[in-house]
Structure formats: C-alpha cells, structure tokens
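A.B. asks: fold the following for me, if possible:
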Amino acid sequence: MQMRIGEVAHRTQTSISTLRYYERIGVIAAPMRVSGQRVYDEKVLEELEAIKMAQNLGFTLGEIKLLLGNFRSGEEPSAKCRSLAQQKLQEIDHIITEAQNLKRILEHGITCTCTSLQGCYLQDTR
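C.D. replies: Below you'll find the model as predicted:
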C-alpha cells in the first residue's frame with residue numbers, strides 16, 4: 001500500500017514538516033514521487049516508529065540515521081555502526097536499571113506510611 005505524506009503524517013502522528021526534514025537529512029529514505037508528490041511505502045511506518053522509540057531513549061538523529069541506514073543498505077553493519085549499537089545497549093541497560101529502581105520505590109510508596117521520601121527510600125533499600 002502506498003501513502004501520500006499527509007496520510008503518513010496522520011498515521012504516525014508526525015508533522016509533515018518533520019517528515020520532510022527527516023527525508024532531507026537522510027533519516028528516512030526519499031520516497032518515490034508521483035506527479036511531483038511524495039508517495040511512501042508502508043515500511044516507512046515501521047521506520048518512524050523506530051525513530052520515535054529511539055528518540056525517546058535519547059538517541060540523536062545522527063545516531064538513528066547511522067543505525068537505520070545500515071538496514072536500508074542491505075550490507076553488513078559497519079564497525080562504526082556495531083560500536084554505536086554496543087554503546088547504546090549499555091546506555092539502555094542503565095536506563096532499564098534506573099527505571100526498575102524507581103519502580104521499586106513507587107511500588108513501596110503505594111502502601112508506605114513514611115512522612116518523607118528519604119525515610120521511605122532508606123527503608124526500601126535495606
């Protein structure tokens with residue numbers, strides 16, 4: 001199924017200007033044009049979902065471009081891409097650990113009767 005830029009924007013909740021920007025800097029591949037209008041393949045929906053997820057985890061557009069570009073090229077990932085992926089895995093592991101720690105504090109806080117965060121936190125970590 002092919003979609004015009006407005007439909008892609010609507011389905012992904014991404015502005016048209018952002019889609020054009022991503023295309024201009026190479027984060028997404030330039031779509032084919034029909035009568036001068038951009039026509040996207042459905043695979044752009046998955047790419048945009050991955051881009052949003054990566055941005056939410058702190059990836060820069062340059063990093064996203066490098067990682068997604070390897071998938072588009074059909075070639076094996078470069079050493080630079082593999083190194084970036086390894087670095088990002090470590091960063092994501094850290095984010096997961098921090099989120100799990102906060103989750104434990106919040107779960108404890110639901111039934112807690114402490115009068116201060118410090119007292120509650122200290123009890124939770126003992």
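A.B. asks: what about the longest helix in the chain?
C.D. replies: helix 79-111 (DSSP state H).
A.B. asks: only C-alpha atoms, please: export stretch 63-82 in CSV.
C.D. replies: Presented in CSV, the C-alpha positions along stretch 63-82 are these (Å, rounded to 0.1, in the frame of the first residue of the first chain):
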residue,chain,number,x,y,z
GLU,A,63,22.8,8.0,15.5
ILE,A,64,19.4,7.0,14.2
LYS,A,65,20.4,7.7,10.7
LEU,A,66,23.5,5.6,11.0
LEU,A,67,21.6,2.6,12.5
LEU,A,68,18.7,2.7,10.2
GLY,A,69,20.9,3.4,7.2
ASN,A,70,22.6,0.1,7.6
PHE,A,71,19.3,-1.8,7.4
ARG,A,72,18.4,0.1,4.2
SER,A,73,21.7,-0.6,2.6
GLY,A,74,21.4,-4.4,2.6
GLU,A,75,25.0,-4.6,3.7
GLU,A,76,26.5,-5.9,6.9
PRO,A,77,26.7,-3.3,9.7
SER,A,78,29.9,-1.3,9.7
ALA,A,79,32.3,-1.3,12.6
LYS,A,80,31.1,2.2,13.4
CYS,A,81,27.5,1.0,13.5
ARG,A,82,28.3,-2.0,15.6
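A.B. asks: what about Leu19, distance to Cys114?
C.D. replies: Note on Leu19: its distance to Cys114, by C-beta to C-beta, to the nearest Å, is 48 Å. No exception for glycine: its C-beta is placed from N, CA and C like everyone else's.
A.B. asks: helices along the protein, start to end?
C.D. replies: Going by DSSP H, the chain shows helices at 5-12, 16-25, 43-56, 61-73, 79-111, 117-125.
A.B. asks: now the second one: mean pLDDT?
C.D. replies: The average of the pLDDT scores along helix 16-25 is 96.
A.B. asks: equivalent analysis for stretch 65-81, please.
C.D. replies: Mean pLDDT, computed over stretch 65-81, is 83.
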